[in-house]
Each structure stands twice: as C-alpha cells, then as structure tokens.
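**Student:** coordinates for the following, if possible.
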Amino acid sequence: MKKIFLLIVLSIVFLAGEASAKRIAVSVDKANIRSGPGTNYGVIWSAGKYYPFNVIKQSGEWLKVRDFEDDEGWIFHKNVESLPAVIIKVPLANVREGPGETGRLLFQAEKGVSLKRLGTKGKWLKVEHSDGEVGWIHESLVW
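**Tutor:** So this is what the prediction gives:
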C-alpha cells in the first residue's frame, strides 16, 4: 500500500512540475541546441525563430529544454525569450485568413514549423510565421 501511495504522490509531483514548466521560444533567427550547458558541448540540432520549448533545468546562463517531441538539450539564455509561440505537431496544417474552417487558405505549414501566437478566438490562434505571414490555425494542430 505504501508503494502505491508513494507512486501516486511522485506522479502528481512530476506532472505538476511538467505543467508548471516555463515556456520559452527562440528569439533569434537560429539557435544551437547543445548536449550540455556550454559551448564546449556538441551541437545536437539548431532551432529557428519562435521554436518553443519548456524549460526543465537551469545551469548558470544555460537552460535545459524539452521540445514538442520530448527531445532535450541545452540553449544559451540570450537566444530565447518568454514569447507566446507554437509549433505544428501534425504532418501538414492549414493556416487561414480568419478563425474557422471556411476562411480562405493562406498557406500550409509542415510539422516542426514554429509560429508566434498573436491572439486567440475560441479554439483558433492568430499566428505569425518568421517571414511575416499572418493567419489563423486551429489549436489542435499545434503544441
């Protein structure tokens, strides 16, 4: 019984920590994600402007982050801000002129494309691509 109770408590603490993780996004054109907290660690991948992350740890001026696919790495704090950003989590998403499925299709975004969130209307998000294109997308298509 004690083991079950402990497991439940630990699960609640873990989930609460995940829910309260600070959301940040890349604020520069391109930022390197490294395997450790410093430039002496290798670059794992690069993330473009508005790419969102959850912060899971900090070490000095470096942040350990997790993305929408649960990939983790370290990013220098000056390359990110508390920007409202989302990322496409489906293979292909329509971005429309207005909130709703009847709005004219402006462009399509592939999985992994990041967008700055400008506002909301119901379950629709007004978003901006890093190239300046603005439109609306349904919240179910993004992380």
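**Student:** residues contacting the nearest residue to residue 67 once chain neighbours are set aside?
**Tutor:** Nearest residue to residue 67 in three dimensions, chain neighbours excluded: residue 53, at 5.6 Å (C-beta to C-beta, 6 or more residues apart in numbering). Where C-beta positions appear, they are placed from N, C-alpha and C, glycine not excepted. The neighbourhood of residue 53, defined by C-beta atoms under 8 Å, 6 or more residues apart in numbering, consists of 23, 24, 25, 26, 47, 63, 65, 66, 67, 75, 80.
**Student:** try it again at 10 Å.
**Tutor:** Counting by C-beta atoms under 10 Å, 6 or more residues apart in numbering, residue 53 touches 21-26, 31, 33, 47, 63-68, 71-73, 75, 80, 85, 87.
**Student:** which pLDDT value goes with residue 12?
**Tutor:** Predicted confidence (pLDDT) for residue 12: 40.
**Student:** can you check residue 21 too?
**Tutor:** At residue 21, pLDDT is 77.
**Student:** just give the nearest non-adjacent residue to it, would you?
**Tutor:** residue 54 (3.9 Å).
**Student:** how much space separates that neighbour from residue 66?
**Tutor:** 5 Å (C-beta to C-beta, to the nearest Å).
**Student:** out of those two, which sits in the busier spot?
**Tutor:** Between residue 54 and residue 66, counted using other C-beta atoms under 10 Å, residue 54 has the larger neighbour count: 20 against 16.
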